[in-house]
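[1] generate a structure from the sequence data that follows.
(2 chains)
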Number of protein chains: 2
Amino acid sequence: MKTFNEISQLISSELNKINWSKDPQGLYEPIGYVLSLGGKRIRPALALMACNLFSDDVRPAINSALGLEIFHNFTLLHDDIMDRADVRRGKPTVHKKWDDNTAILSGDVMQIASYQFIAKTPDNQLKRTLDLFSRTAAEICEGQQYDVEFEQRDDVEAEEYLEMIRLKTAVLLGASLQIGAWIGGAGEKDAQLLYDFGINIGMAFQLKDDLLDVYGNEAKFGKKIGGDILCNKKTYLLIQALKLAKNQGALALQYWLNISDEKSGNDKITGITSLYNQLGVKQICEDKMQFFYTEGIAKLEKVTVLSNKKQELRNLAENLMFRQE
Amino acid sequence: MKTFNEISQLISSELNKINWSKDPQGLYEPIGYVLSLGGKRIRPALALMACNLFSDDVRPAINSALGLEIFHNFTLLHDDIMDRADVRRGKPTVHKKWDDNTAILSGDVMQIASYQFIAKTPDNQLKRTLDLFSRTAAEICEGQQYDVEFEQRDDVEAEEYLEMIRLKTAVLLGASLQIGAWIGGAGEKDAQLLYDFGINIGMAFQLKDDLLDVYGNEAKFGKKIGGDILCNKKTYLLIQALKLAKNQGALALQYWLNISDEKSGNDKITGITSLYNQLGVKQICEDKMQFFYTEGIAKLEKVTVLSNKKQELRNLAENLMFRQE
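    So this is what the prediction gives:
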């Protein structure tokens, strides 16, 4: 069995081998740039680790794993245009460093590149991998669409939010695991259990992200604390707070939501965080996160391979859940 | 053998069967809208006609043909954002009717949809169809990138322009024919000849487009005559004119290229058209178009099926070349 670190190194080294110095450079250079910004490479790691549960040789899954990572980075590139985000991982986003048109077109060819890697999936797994990949890719766009639509709505229900993060975040973790499992030779039942493990871990991962935005350690989190609060992002915390706040609390929450001037930013963060604490929504969010985490681990435990083979996946899930960044 | 009209009807009917009324509607509705705007459906027609050369049954090629048409329309959707084009086929473009973000994200999921149809290619042809499709898709993005870059350059050579239109327009016609031929059961040599036929016809088709913009019949062409002239688009005509104009002619050409106010538009069109006529670039462009057309037909003639089976493809090529719109 390979450790997570060994797998991460393998992914880094394979990603670095891809040549993006092709003509026209104006088209391909931004792709190399986005991929050079780093990231946890969780999706390809999940694919290779799932493969490794069933096969000592993870190499047959590498190209598919790279396709998953390239696709994920493509979605970040296009999402950053739509969100008008200027910075990603401490560096200017593509549409800031180049321009919108470059970001659109480089993203398009990046999506094609992800399919080119997926197409290198071993022949006997190609068709279903391709179908799951496309279905997942479409679901991610659907999740992004809901996320955008929710910004304009004040009545987003918790269930709708959970469905949105399932689409936007969780399905790609699930698909990465399932594709890796298939290539490793898993049976359908095990592959499905790993997909479900990924979905649940993905849900927990996103709820953790919501929590870190408010309760994280700024230095470790790498983003400014309270970013979601400042832009009234409908996180699980805010949706719960909107549901639970009554009387004075509801008025205070609406007051802060209507504040958008920059100089009141810190007060707004303090004010809304204090309301969250009074309403107990941190605990509600943590409970929900724990629920998905526990569900996910239960799915993993049912996979019919020796328990010790799953230790690296257990560790990864735990690290994602109890991370401070 | 099916006639072009029979094939067109089949494509229309199959395109109409696709259900884009899915949630989230804000994501899928623009796709149905773009596809409802019409168009000649040349790419799927070429795929089915190429298939029909080798097989009486074209149905196995229908899904791949639809994938090619959906991909083509996706490129129009994203190109219209980049070109800030407000109108397509007499109707507002997606980014005008909705907004830029919708156009980006609907385009992304439309590209995924095109892959979902390509994935329905019969199993025994799937891998190479997928590879050719992805290579072609990437080339189209490269062509678009060159097209954008050429806007900022004054020294575009004729050969560079021809390579740009090969990438942006011709390769998808070639790929449509080759994929259709493969699915019909063609041998590699015939499939390659049909690809080459498509490339040459595509080159001629684009040069015809350049000519129609200046010398077309406005009512029939469906676009305003002189649109390329008004925005100094580096067409084959302008590139040749820049190369051939000397002394007074060169000064006059530069004079008009520097004119960009709206009220001088008609004078600019008249002025540049008159220079084109003096320099004989219409003839040069027509000769080049004829060269590609003849090359293309020669490739088609070499395909090893009975000559009368190719009549519909000959007719289509001729219609594309001698069209007034």
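[2] how about the strands in chain A?
    For chain A, the strands defined by DSSP state E cover A:87-88, A:91-92.
[3] so which of those is nearest B:Val58?
    Checking the strands of chain A against B:Val58 by Cβ to Cβ gives strand A:87-88 as the closest, at 46.6 Å. Every C-beta, even on glycine, is put in place using the N, C-alpha and C of the backbone.
[4] got the strands of chain A as TSV, with mean pLDDT and mean neighbour count columns?
    As requested, those are exported to TSV (pLDDT from 0 to 100; neighbours: other Cβ atoms under 10 Å in any protein chain shown):
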stretch	mean pLDDT	mean neighbour count
strand A:87-88	91	14
strand A:91-92	94	14
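[5] quick one: closest of the ones you listed to A:Thr235.
    Of all these, strand A:87-88 sits nearest to A:Thr235, with 19.4 Å by Cβ to Cβ.
[6] residues making contact with the closest one?
    A:Val34, A:Leu37, A:Leu76, A:Asp80, A:Thr93, A:Lys96 (Cβ atoms under 8 Å, 6 or more residues apart in numbering or on different chains).
[7] turn the buried ones among the residues you listed into a named PyMOL selection, would you?
    Here is the PyMOL command that selects the buried residues among the contacts of strand A:87-88 (16 or more other Cβ atoms under 10 Å in any protein chain shown):
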select buried, chain A and resi 34+76+80+93+96
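[8] and of the contacts of strand A:87-88, the nearest to chain B?
    Ranked by distance to chain B (Cβ to the nearest Cβ), these are led by A:Asp80 at 10.9 Å.
[9] now the closest one. Nearest residue, chain neighbours left out?
    Counting by Cβ to Cβ, 6 or more residues apart in numbering or on different chains, A:Asp80 lies nearest to A:Thr93, which is 4.2 Å off, once chain neighbours are set aside.
[10] quick one, what contacts that neighbour?
    A:Leu77, A:Asp80, A:Ile81, A:Ala85, A:Asp86, A:Val87, A:Ala103.
[11] buried residues in stretch A:305-318?
    Judged by neighbour count using 16+ other Cβ under 10 Å, the buried positions of stretch A:305-318 are A:Lys310, A:Glu312, A:Leu313, A:Leu316, A:Ala317.
[12] just give me the closest of those residues to A:Gly249.
    Nearest to A:Gly249 among the buried residues of stretch A:305-318 is A:Ala317, at 34.9 Å by Cβ to Cβ.
[13] wait, the closest one touches A:Tyr293, no?
    Yes. Counting by Cβ atoms under 8 Å, A:Ala317 touches A:Tyr293, with 7.0 Å between them.
[14] between the two, which contacts overlap?
    Residues touching both A:Ala317 and A:Tyr293 by Cβ under 8 Å, 6+ apart: A:Ile201.
[15] helices - which of the contacts of A:Thr93 land there?
    The helices, defined by DSSP state H, take in A:Leu77, A:Asp80, A:Ile81, A:Ala103 from the contacts of A:Thr93.
[16] which of those sits closest to B:Gly180?
    A:Leu77 (33.3 Å).
[17] burial count for the closest one?
    A:Leu77: 24 surrounding residues under other Cβ atoms under 10 Å in any protein chain shown.
[18] with A:Gly249 as the reference, measure out to the one residue sitting closest to the centre of chain A.
    Taking Cα atoms, centre = their mean, the centroid of chain A lies closest to A:Thr169, which sits 4.3 Å from it. Distance, A:Thr169 to A:Gly249, by Cβ to Cβ, to the nearest Å: 30 Å.
[19] please enumerate the helices of the stretch 101-250 of chain A.
    Taking DSSP state H, counting those that start in this stretch as the test, the helices found in the stretch 101-250 of chain A are A:123-151, A:158-165, A:171-184, A:188-215, A:218-221, A:227-230, A:236-244, A:247-258.
[20] surely A:Ser12 touches A:Lys40?
    No. Contact criterion Cβ under 8 Å: A:Ser12 and A:Lys40 do not qualify, at 11.3 Å.
[21] how about the residues of chain A by chain B?
    Residues of chain A lying close to chain B (Cβ under 8 Å from any Cβ of the partner chain) are A:23-24, A:26-27, A:78, A:81-82, A:100-101, A:104-105, A:107-109, A:111-113, A:115-116, A:119, A:123, A:126-127, A:130-131, A:134-135, A:137-138, A:141-142, A:144-146, A:148-149.
[22] rerun at 6 Å
    Taking Cβ under 6 Å from any Cβ of the partner chain, the part of chain A that reaches chain B is made up of A:24, A:26-27, A:78, A:82, A:101, A:104-105, A:108-109, A:111-112, A:115-116, A:119, A:130, A:134, A:137-138, A:141-142, A:145-146.
[23] so where is the stretch 101-250 of chain A shaky, pLDDT-wise?
    A:219-223 (pLDDT under 70).
[24] list just the nearest of the contacts of A:Thr93 to chain B.
    Nearest to chain B out of these is A:Ile81 (Cβ to the nearest Cβ; 6.3 Å).
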